[in-house]
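> the sequence and its predicted three-dimensional model are supplied below.
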Amino acid sequence: MQSRREPRRSHAADRLADQLGYRAPSGGSTWTSLPEWARFFVRLGVWVGDYAHDRGVRMVAAVTVPTPAFAVALSATGAVHARAHVSAREDAETHFALLEALPPNSMVWYRESPTKRREAILLGTEVKGGLRRAVISTVLPGGTGKAKCWVQCAKIEPMDKPSEGLPEHARLRHARVGMLVAGLYSESLQSVLSGNRLDCLIVGNKGRLEDEIRSAEFAIVPEGGRPVSGRLQDLLLARRFARSGDRYRSDLIAASAGNEFAVRWTPPVVVFDGANSYLKLGHQWPGADRIVVLDRAEARFNEAVQDLNLRYVADRAEGGRFDDLPQVPAGVEFMLFGLAGP
Amino acid sequence: MSYLSLFEADRLYQFAETRTIRYDRVDCPPFRAFDHQARRLFYRLGEAAEDELWHPFLHAVGKYRRSMLGAPVAFNDPAVAPLMRPDEADQFLARVKHAYPGFAAEARALSEMLFGLARAADRPLSDVVHTLLASADGRSGLIIRDSRLAGVVKDRLALRGHSRVDVLAGRDIRSNDAYYQLLVIGPAYWYADHVFSSPRAETVRIVSYRWCRSKWQPAEAFLGALTRGRTAPHDDEEDDAEVEEPWPEIDWGRILQRDTVSPEAAEPSAADIVEGRLFSLHGGLAVVLEEGESARSLVIDLEAHDEAQVQRLQTRDIVPGIFVLLRTEGGGDYVAAVADQILGERAAPYRDSQRRWKHALRTEIKASGWLATSVRLLDLGSFRADEANLRHWASESSIRTRDSADFTAIMRLIGFEDKADQYWTEMDLIFRAHLAGGQLIRRRLLERVRAADVRQLEKLGRIDFALPDAEGGRLSALRVEARSPTTYRIAASQVGRPFEAEE
């Protein structure tokens, strides 16, 4: 089996592993390039996320690691980044129907620009002269009290964590886009900011992952440019850690979340954090490409390896030559195969 | 809870890349002779070793041998003294002379070697460890197989000036601390593979006796490894040792015999017998936990996610690596103790009621049998009376039935119908107090686990807590090292009480 790969529309993902930097204790205020193993995980995520375009074979990429720290977060970041150039925009009719179905006076977000949004109340929808518009009530800057506005439907989004009614000063929220701007080409940036989509689902330990995704400091250090600092969340856009109305391209669930997510989510890439996560939900999302990160010290490591080996023997697609695989670092054992069948 | 930084994770990857395994082979002719004699006798005895006559002696020899193969302490250290005294050995040898005359001379020779060694102050493993620790350029960790001896080894090392060495114990060492060197005592195959494949130090030194095979063999996990990382150089020294000494399998039946109730206690009635599974715990302890759908224990699972780290698990789901919460000081059920605090003055009369109806029910079961009793309960209006439910209702772990109709039927059966409403209300209040007590304990544990450095928790085999809002009493979370493959029928009073697994 030869891998069929569409020409990449963006090479930004290729650069990500080399551009990401972190603060080493000895480095002072300077940014240090990621170590080789960390770059491997970013590149692995990019490779799997990019390959996900090719819907003929679903991939299973399994790695054993001396520590799970940052492996999952970086892989997922790579996978999301690889698909940044794919537009998330729904078709206009679907979006209009979504707004029409909202209860009266629902709280919504009014996107003044790709990076700014304001709270509003949806009063209704209308079609005039072939144009679909949303009617909202919001507090505009410089205005006195609430104003009724007619805006493009595409600029209105339901609020998933609504507050109680419209506050006196409808807050203007700014999205953190610094790292995205530094790391993506403008076309991909527009695509990311244009809508939400689940490109990658992480099944894992929220405590540790939250620390890695939201707390650890990283930066995009462009060649010859100024570093732009932030967190992996700025790139990963995990819904679990996003504020209401923030764009998302990934999400995180615990393995104990159960099978309900198997029905609700259809991610193209799933990253499993550890043996427990894989053994519990590894056979869900049959249409997804998988990255499985196994810590050798885990109690159920051998069990997970057995399951993967069984799948390798029983379910893998014949043939299989994979191009442009990232160089595997020392300390990591890596297996990659395509799954046969639908 | 603090997690690894990327820099700290990078260190661990560097260790995996550059790991060096060194073998420090120790010699001691008297111990070698003893070891050889012991193995020879075990081999020659064959099935005869199953004879109960041999057990105390072979157990004493085997345990001493294993301790000295795997712990850097002196031969005459009191912590590893033979389980048999010389006079007891003489009596044993006299019996062997009659029963197994063909083995008497060998047994006597072995006995003399055993007690000769047990008087010797030599400590060859400890001497090598001391040299390695003294010459280390950084922090050292030391791993031994027998968790019972962790405290002892730490003390003895401290006496030799090495009080800052971390002593880790068990087969599956989980630690994210980074060391300059790790000293592993005993053969490599005594330990989980990740101790060597994902080392927590740049150099791992395996310290073992020369005649025991001890080399670590790296193995790949994946059948279809597409590409693999560069293998790190490590010691290619050939292992020409003659002896392979596997860590013995646990004799679960023998361990269970150690957990005996007081000789003065009455033989448990049929109603007090439950199905239990045995677990060996860190530090040489063991516990029996009731097996069954409704039997759950509070555990800490560091590999679980978020709030699931502290949860109630069914016995069948408790696996090695999980910490089981047990009361190690003070008697009785820890949740019941907290529940009684919540009930306050009502605790005593309500518990009296509980004891009264349970006793009456068990008396009825003893007289009529499980099946007949459950049939009678159905006749008296119970919906769910069958043998399994009846066992649960009669057990200490159950407070009340789920449905009041079943409870009323029980009250009718035992002649307490006039008290049915009163007892149902009281049992319900006890039940709610247990729920509240369990939630309180769980919340406190979660706070403790969240506040802890997860790296310390992973290293420890035991975590101690003070009971909330109670005087005295201590709860301990003990790491499970192994679980019995089968269940055993045991007295309900034995459930949940940790005991010494070995002498």
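All right, it came through fine.

> as a quick check, tell me the outermost residue of the chain.
Looking at chain A here, since you left the chain open. In chain A, the greatest distance from the average C-alpha position (Cα atoms, centre = their mean) is reached by residue A:144, at 39.1 Å.

> could you do chain B instead?
For chain B, the residue at maximal distance from the C-alpha centroid (Cα atoms, centre = their mean) is residue B:418, at 47.0 Å.

> where does that residue land in three-state SS?
Of the three states, residue B:418 takes helix according to DSSP: H, G, I helix; E, B strand; the rest coil.

> just the pLDDT for it.
Residue B:418 is assigned 95 on the pLDDT scale.

> that one: what's it in contact with?
By Cβ atoms under 8 Å, 6 or more residues apart in numbering or on different chains, no residues touch residue B:418. From N, CA and C alone the C-beta is placed, and that goes for glycine too.

> next one: it from chain A, what distance?
Distance, residue B:418 to chain A, using Cβ to the nearest Cβ, to the nearest Å: 47 Å.

> where does the stretch 301-450 of chain B dip in pLDDT?
Residue ranges of the stretch 301-450 of chain B with pLDDT under 70: B:305-308, B:330-332.

> now do the helices in it.
Per DSSP state H, counting those that start in this stretch, the stretch 301-450 of chain B carries helices over the ranges B:334-343, B:347-368, B:370-379, B:387-394, B:404-413, B:420-451.

> any chance of CSV for the ones you listed, columns distance to chain A and mean neighbour count?
Shown next, in CSV, are those (distance: least, Cβ to the nearest Cβ, whole Å; neighbours: other Cβ atoms under 10 Å in any protein chain shown):
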stretch, distance to chain A, mean neighbour count
helix B:334-343, 23, 21
helix B:347-368, 34, 16
helix B:370-379, 35, 16
helix B:387-394, 26, 19
helix B:404-413, 31, 21
helix B:420-451, 8, 17
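
> closest one to residue B:15 among these?
Of all the helices of the stretch 301-450 of chain B, it is helix B:420-451 that lies closest to residue B:15, at 26.8 Å by Cβ to Cβ.

> look at residue B:150 and give its secondary structure.
helix.

> ok, residue B:156 - contacts?
When contacts are counted by Cβ under 8 Å, 6+ apart, residue B:156 is found next to B:72, B:73, B:74, B:77, B:126.

> phi first, then psi, for the second one.
According to degrees, to the nearest 10, the main-chain angles of residue B:73 amount to phi -130, psi 170.

> look at it and report its pLDDT.
What the model reports for residue B:73 is a pLDDT of 97.

> distance of it relative to residue B:168?
Using Cβ to Cβ, to the nearest Å, residue B:73 is found at 16 Å from residue B:168.

> can you get me a residue count around the residue of chain B found nearest chain A?
Chain A sits closest to residue B:16 of chain B, with a gap of 3.1 Å, by Cβ to the nearest Cβ. Using other Cβ atoms under 10 Å in any protein chain shown, residue B:16 is surrounded by 24 other residues.

> so who does it touch?
A:66, A:330, A:331, A:332, B:197, B:198, B:199, B:232.

> what two of those are the furthest from one another?
Farthest pair in the contacts of residue B:16 (Cβ to Cβ) is A:332 and B:199. Separation: 14.5 Å.

> who has more neighbours, those two?
residue B:199 (27 against 23).

> verify the stated contact: that one with residue B:15.
Yes - using Cβ atoms under 8 Å, residue B:199 is in contact with residue B:15, at 5.1 Å.

> quick one: the strands in chain B?
With DSSP state E as the criterion, chain B has strands at B:20-26, B:140-144, B:166-169, B:179-185, B:201-209, B:225-228, B:273-281, B:285-290, B:296-300, B:310-314, B:323-329, B:462-466, B:474-491, B:499-500.

> what's whatever helix or strand residue A:39 lives in packed up against?
Assigned by DSSP states H and E, residue A:39 falls within helix A:36-51. Applying 3 or more Cβ pairs under 8 Å, 6 or more residues apart in numbering or on different chains; DSSP states H and E, one finds that helix A:36-51 contacts helix A:12-19, strand A:20-22, strand A:58-65, helix A:71-82, strand A:269-273, strand A:289-295, helix B:6-18.

> average pLDDT across it?
Averaging pLDDT along helix A:36-51 yields 92.

> likewise stretch A:74-84?
For stretch A:74-84, the mean per-residue pLDDT is 91.

> and if you look at stretch B:4-23?
Averaging pLDDT along stretch B:4-23 gives 92.

> buried sites along that stretch?
B:4-6, B:8-17, B:19-21, B:23 (16 or more other Cβ atoms under 10 Å in any protein chain shown).

> one more: stretch B:300-320?
B:300-305, B:307, B:309-311, B:313, B:315, B:318-320.

> out of these, which are close to chain A?
Among those, the ones lying close to chain A by the criterion of Cβ under 8 Å from any Cβ of the partner chain are B:303, B:304, B:305, B:319, B:320.

> for those, which one is nearest residue A:155?
residue B:305 (37.4 Å).

> setting aside sequence neighbours, what's the nearest residue to the closest residue to chain B within the stretch 201-342 of chain A?
Minimum separation of the stretch 201-342 of chain A from chain B (Cβ to the nearest Cβ) falls at residue A:331, amounting to 3.1 Å. Closest residue to residue A:331 apart from its sequence neighbours, by Cβ to Cβ, 6 or more residues apart in numbering or on different chains: residue B:16 at 3.1 Å.

> next: residue A:78.
Distances taken as Cβ to Cβ, 6+ apart put residue A:45 closest to residue A:78, at 2.5 Å, once the chain neighbours are dropped.

> quick check: which ranges of the stretch 101-250 of chain A have low pLDDT?
Low-confidence segments of the stretch 101-250 of chain A, defined by pLDDT under 70, span residues A:143, A:160-176, A:181, A:183-194.

> let me see the ranges of the helices in it.
Taking DSSP H, counting those that start in this stretch, the helices of the stretch 101-250 of chain A run over residues A:178-183, A:186-194, A:206-210, A:233-236.

> which strand is the longest one in chain A?
strand A:116-128.

> for that one, packing partners?
helix A:92-100, strand A:106-113, strand A:131-138, strand A:147-152, strand A:156-158, strand A:172-174.

> what's the distance between the first one and the middle of its chain?
A distance of 24 Å separates the centroid of the chain from that of helix A:92-100, by Cα atoms, centre = their mean, to the nearest Å.

> got the contact list for residue B:256?
So residue B:256 contacts B:278, B:288, B:488, B:490 (Cβ under 8 Å, 6+ apart).

> residue B:219: neighbour count?
Other residues close to residue B:219 by other Cβ under 10 Å number 7.

> actually, residue B:170.
Around residue B:170 there are 21 residues (other Cβ under 10 Å).

> list the contacts for the spatially closest residue to it that is not a sequence neighbour?
Spatial nearest neighbour of residue B:170, excluding adjacent residues (Cβ to Cβ, 6+ apart): residue B:147 at 5.0 Å. Residue B:147 makes contacts with B:169, B:170, B:282, B:283, B:284, B:461, B:481, as judged by Cβ under 8 Å, 6+ apart.

> you'd agree the third one is up against residue B:170?
Same thing as residue B:282. Yes - the pair residue B:282 and residue B:170 passes the contact test of Cβ under 8 Å, sitting 6.6 Å apart.

> what residues are shared contacts of these two?
By Cβ under 8 Å, 6+ apart, the residues touching both residue B:282 and residue B:170 are B:147, B:461, B:479, B:481.
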